[in-house]
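# Show me how the following folds:
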Amino acid sequence: MNRKSLVIMLKNTAVMFAVYLIQFVLMPLLFPNYYPRSNESVVILLATLLTGFILGVFLGSRKIKFWILPDILYGLMIMVYSGSGLYGIGLRGISLDGAQPYYDSLFAVTAVSKF
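Sure, this is the predicted structure:
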């Protein structure tokens, strides 16, 4: 791997790390009434992913080989900390007739690893 490829991959990794921090740390602190899950939080999740993708394409590369490692690291970060049910990750059950979903950390890891 040459120096230029390494720099591109590091830029993409930095973009994905920033997207993760915004999604799982910053936004839940700024807008706690939308979390752990709501329609608004899903919009925030998709908007930050789209913004990260656009920044990554302009700062980094469009080639998939430069995105494999950053995407794997993003998935690992979600496995390590998904905010106890943020965006519905790791929640089991349904909200129906008084029943409430509950957070299961093992379910969160298996749900993320299936992608």
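# Need the phi and psi values for Arg92.
Note on Arg92: backbone dihedrals following degrees, to the nearest 10 are phi -110, psi 140.
# what about it, distance to Asn2?
Distance check for Arg92 against Asn2: by CB to CB, to the nearest Å, it reads 46 Å. The way it works is simple: take the backbone N, C-alpha and C, and place the C-beta from them, glycine included.
# Neighbour count: the two, which is higher?
Neighbour count, other CB atoms under 10 Å: between Arg92 and Asn2, Arg92 has more, with 13 against 7.
# For the stretch of helix or strand Phe53 belongs to, give the mean pLDDT please.
Secondary structure assigned from DSSP states H and E places Phe53 in helix 39-59. In this model, helix 39-59 has a mean pLDDT of 87.
# Next secondary structure after that helix?
helix 68-80.
# Now the residue nearest to the spatial centre of the chain: closest residue in space that isn't a chain neighbour?
Nearest to the mean C-alpha position of the chain, counting by CA atoms, centre = their mean, stands Tyr20 at 5.1 Å. In space, Tyr20 comes closest to Met77 once its chain neighbours are excluded; the distance is 5.0 Å by CB to CB, 6 or more residues apart in numbering.
# Work out for me the element the residue nearest to the centre of the chain sits within.
Assessed by DSSP H and E, Tyr20 sits inside helix 3-21.
# before we move on, the earlier item: kindly format the C-alpha coordinates of the helix holding Phe53 as PDB.
What follows is the C-alpha trace of helix 39-59 in PDB, where atoms were taken according to Å, rounded to 0.1, in the frame of the first residue of the first chain:
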ATOM      1  CA  ASN A  39     -38.800   8.900  13.900                       C
ATOM      2  CA  GLU A  40     -36.600  12.000  14.500                       C
ATOM      3  CA  SER A  41     -33.700   9.900  15.600                       C
ATOM      4  CA  VAL A  42     -33.900   7.800  12.500                       C
ATOM      5  CA  VAL A  43     -33.800  11.000  10.400                       C
ATOM      6  CA  ILE A  44     -30.800  12.100  12.300                       C
ATOM      7  CA  LEU A  45     -29.100   8.700  11.800                       C
ATOM      8  CA  LEU A  46     -29.700   8.800   8.000                       C
ATOM      9  CA  ALA A  47     -28.800  12.500   7.700                       C
ATOM     10  CA  THR A  48     -25.400  12.000   9.400                       C
ATOM     11  CA  LEU A  49     -24.700   8.900   7.400                       C
ATOM     12  CA  LEU A  50     -25.500  10.700   4.100                       C
ATOM     13  CA  THR A  51     -23.400  13.700   5.200                       C
ATOM     14  CA  GLY A  52     -20.500  11.400   6.100                       C
ATOM     15  CA  PHE A  53     -20.800   9.600   2.800                       C
ATOM     16  CA  ILE A  54     -20.700  12.900   0.900                       C
ATOM     17  CA  LEU A  55     -17.700  14.200   2.900                       C
ATOM     18  CA  GLY A  56     -15.900  10.800   2.500                       C
ATOM     19  CA  VAL A  57     -16.400  10.900  -1.300                       C
ATOM     20  CA  PHE A  58     -15.100  14.500  -1.600                       C
ATOM     21  CA  LEU A  59     -12.200  14.100   1.000                       C
END
